[in-house]
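Asker: Turn this into a structure:
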Amino acid sequence: MDLQITGKVKQILEVQSGESKNGPWKKQDFILETEGKFPKLVCITQWGDQIDQNSLSVDETITAHIDIQSREFKGRWYTDVKAWKIERGAQQGGGAAANPDDNIIDFGPEDDDDGLPF
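Answerer: Numbering: from 1, shown residues only. Purely as a prediction, here's the structure:
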């Protein structure tokens, strides 16, 4: 499943880094404003080498290919939106917003059989 979201980079937050049992890590969050009549702000995270490969600029229009994952901790749920690929500029076709009134999160073909009843 290839999720994509297109918008303008509104803010780039500081790089965070640390050490885990798997070794050193670094991540950077950025805020993307979607296009359309009712724009949304979405916090997206880049990890590791993606940060250096995709040096983003404020007000730049991008399409982020993302994974969404939730996890539970002490009875509360937390959701991460992680970018695994960044494309620069407005894309025409290919799942990106051709109509600016579409706030795109492309959940792929509806015939995906993931075993869920809905």
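Asker: Could you check how far Val9 is from Asn22?
Answerer: Counting by C-beta to C-beta, to the nearest Å, the gap from Val9 to Asn22 is 29 Å. All C-beta atoms are positioned from the backbone trio N, CA, C, and that covers glycine.
Asker: So for the two, which sits in the more crowded spot?
Answerer: Using other C-beta atoms under 10 Å, the more surrounded residue of Val9 and Asn22 is Val9, with 19 against 6.
Asker: pretty sure that one is in a strand, no?
Answerer: Yes. Under DSSP: H, G, I helix; E, B strand; the rest coil, Val9 falls within a strand.
Asker: Quick check: it touching Ser57?
Answerer: Yes. Counting by C-beta atoms under 8 Å, Ser57 is a contact partner of Val9 at 6.7 Å.
Asker: which residues of this protein score low on pLDDT?
Answerer: The chain contains residues with pLDDT under 70 at 1, 90-118.
Asker: For it, just list every one of the helices.
Answerer: With helices called from DSSP state H, the chain shows them at 49-53.
Asker: Provide a complete list of residue ranges assigned to strands in it.
Answerer: Taking DSSP state E as the criterion, the chain carries its strands at 3-20, 23-34, 41-47, 61-73, 76-88.
Asker: Using JSON lines, please lay out these together with distance to Gln53.
Answerer: JSON lines is the format used below for these (distance: least, C-beta to C-beta, whole Å):
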{"stretch": "strand 3-20", "distance to Gln53": "14"}
{"stretch": "strand 23-34", "distance to Gln53": "12"}
{"stretch": "strand 41-47", "distance to Gln53": "9"}
{"stretch": "strand 61-73", "distance to Gln53": "13"}
{"stretch": "strand 76-88", "distance to Gln53": "8"}
